[in-house]
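Just a sequence and a predicted model for now, questions to come.
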Amino acid sequence: MARDKTALAAEAWKRMFDFFMRTGVQRGRVLARMGLTPNDARALSALDVPGGRTMRSLADEWGCDASNATWIVDRLEKRGFAERRAIAGDRRVKLVVLTAAGAKARQKVLEGMYEAPPELVALPRASLEVLRSSLPPATDGRRDTRT
């Protein structure tokens, strides 16, 4: 029984992943309109206005080394979307914080990414209802932002 469920989950995931990959053009258009790269969008979604994140936690989440995370954050800083702030009591550690402009950019990215692709809209209503009720609830772009 467990094997059947695992196989079913694998097939469902394969279909979701393939669908996601086939509709990448739409996501690319959203990013191009804003002059962002996929890494920029990923970084915007990982940051938070009040709390901020350490460079190490960002590098760990993104699966890259610290120098690559620094390069990504540098790009956001140049656009005015993020800034580095010292932690009180420890000047060696910097928090990367989303600016007001960064929060607006993140919201625009999410609005564009949340537009349903035509391939999804083309599905029958009953299929869309089953799909929606079967997936975990949306997070509205909110993430765990522990440093």
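Right, received. Where do you want to start? Residues are numbered from 1 along each chain as shown.

Now do Phe17 against Gly24, distance only.
Phe17 is 11 Å from Gly24, where distance means C-beta to C-beta, to the nearest Å. Heads up, the C-betas are built off the backbone N, CA and C, glycines and all.

Mind listing the shared neighbours of the two?
Here Phe17 and Gly24 share no contacting residue, scored by C-beta atoms under 8 Å, 6 or more residues apart in numbering.

name the helices or strands packed onto the longest strand along the chain?
The single longest strand within the chain, with elements called by DSSP state E, is strand 90-98. Counting contacts by 3 or more C-beta pairs under 8 Å, 6 or more residues apart in numbering; DSSP states H and E, strand 90-98 is packed against strand 53-54, helix 55-62, strand 82-87.

Output stretch 50-65 as PDB, restricted to C-alpha atoms.
Output in PDB follows, covering the C-alpha atoms of stretch 50-65 (Å, rounded to 0.1, in the frame of the first residue of the first chain):
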ATOM      1  CA  PRO A  50      12.000  44.000   9.600                       C
ATOM      2  CA  GLY A  51      14.100  41.000  10.500                       C
ATOM      3  CA  GLY A  52      16.700  40.600   7.900                       C
ATOM      4  CA  ARG A  53      18.900  37.500   7.200                       C
ATOM      5  CA  THR A  54      22.500  36.800   7.700                       C
ATOM      6  CA  MET A  55      24.600  36.200   4.600                       C
ATOM      7  CA  ARG A  56      25.400  32.700   5.800                       C
ATOM      8  CA  SER A  57      21.700  31.800   6.200                       C
ATOM      9  CA  LEU A  58      21.000  33.100   2.700                       C
ATOM     10  CA  ALA A  59      23.900  31.100   1.200                       C
ATOM     11  CA  ASP A  60      22.700  28.000   3.000                       C
ATOM     12  CA  GLU A  61      19.100  28.400   1.700                       C
ATOM     13  CA  TRP A  62      20.300  29.100  -1.800                       C
ATOM     14  CA  GLY A  63      22.800  26.200  -1.800                       C
ATOM     15  CA  CYS A  64      25.700  28.400  -2.800                       C
ATOM     16  CA  ASP A  65      28.900  29.700  -1.300                       C
END
